[in-house]
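In: I'll drop the sequence and a predicted model, then ask my questions.
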Amino acid sequence: MAGVRAYLEEAVDELSNKVSWPTWSELQSSGIVVLIATFIIAGLIYLMDFAFGQVMDVIYLKIFG
């Protein structure tokens with residue numbers, strides 16, 4: 001049990017004294033970058049899905065139409 005306690009104390013010490021936490025403005029900037037990247041990737045996936053659907057429609061019409 002002493003090993004678990006020592007581990008937890010060391011973890012708290014490291015998180016409070018050795019970790020460099022970002023500032024609020026850095027977090028906001030990073031959040032905006034993530035939001036923009038998410039919209040771009042979602043748009044690309046939408047376009048690929050739409051294009052694939054159109055190609056499949058053409059293929060199905062040639063086979064079954």
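Out: That came through fine. This is a predicted model, so every value here is computed, not measured. Numbers count the residues shown, from 1 in each chain.
In: output the lowest mean pLDDT helix or strand found in this structure.
Out: helix 2-13 (a mean of 94; mean pLDDT, DSSP states H and E).
In: and the helices in this protein, which stretches?
Out: Per DSSP state H, the chain carries helices over the ranges 2-13, 24-64.
In: adding mean neighbour count, write those helices out as a markdown table.
Out: Where you see a C-beta, it was placed from the backbone N, CA and C, and this is true even at glycine. Below are the helices of the chain laid out as a markdown table (neighbours: other C-beta atoms under 10 Å):
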| stretch | mean neighbour count |
| --- | --- |
| helix 2-13 | 9 |
| helix 24-64 | 10 |
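In: let's see stretch 3-20 as CSV, backbone CA atoms only.
Out: Extracted C-alpha coordinates of stretch 3-20, given in CSV (Å, rounded to 0.1, in the frame of the first residue of the first chain):
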residue,chain,number,x,y,z
GLY,A,3,4.0,1.9,-3.0
VAL,A,4,0.6,3.1,-4.2
ARG,A,5,0.8,6.1,-1.9
ALA,A,6,4.3,7.0,-3.0
TYR,A,7,3.3,6.7,-6.7
LEU,A,8,0.3,9.0,-6.2
GLU,A,9,2.4,11.6,-4.3
GLU,A,10,5.0,11.6,-7.1
ALA,A,11,2.4,11.9,-9.7
VAL,A,12,0.8,14.9,-8.0
ASP,A,13,4.3,16.5,-7.5
GLU,A,14,5.1,16.0,-11.2
LEU,A,15,1.8,17.4,-12.4
SER,A,16,2.0,20.5,-10.2
ASN,A,17,5.7,21.3,-10.4
LYS,A,18,7.3,19.8,-13.5
VAL,A,19,4.5,20.0,-16.2
SER,A,20,4.3,23.1,-18.3
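In: many thanks, I have nothing further to ask.
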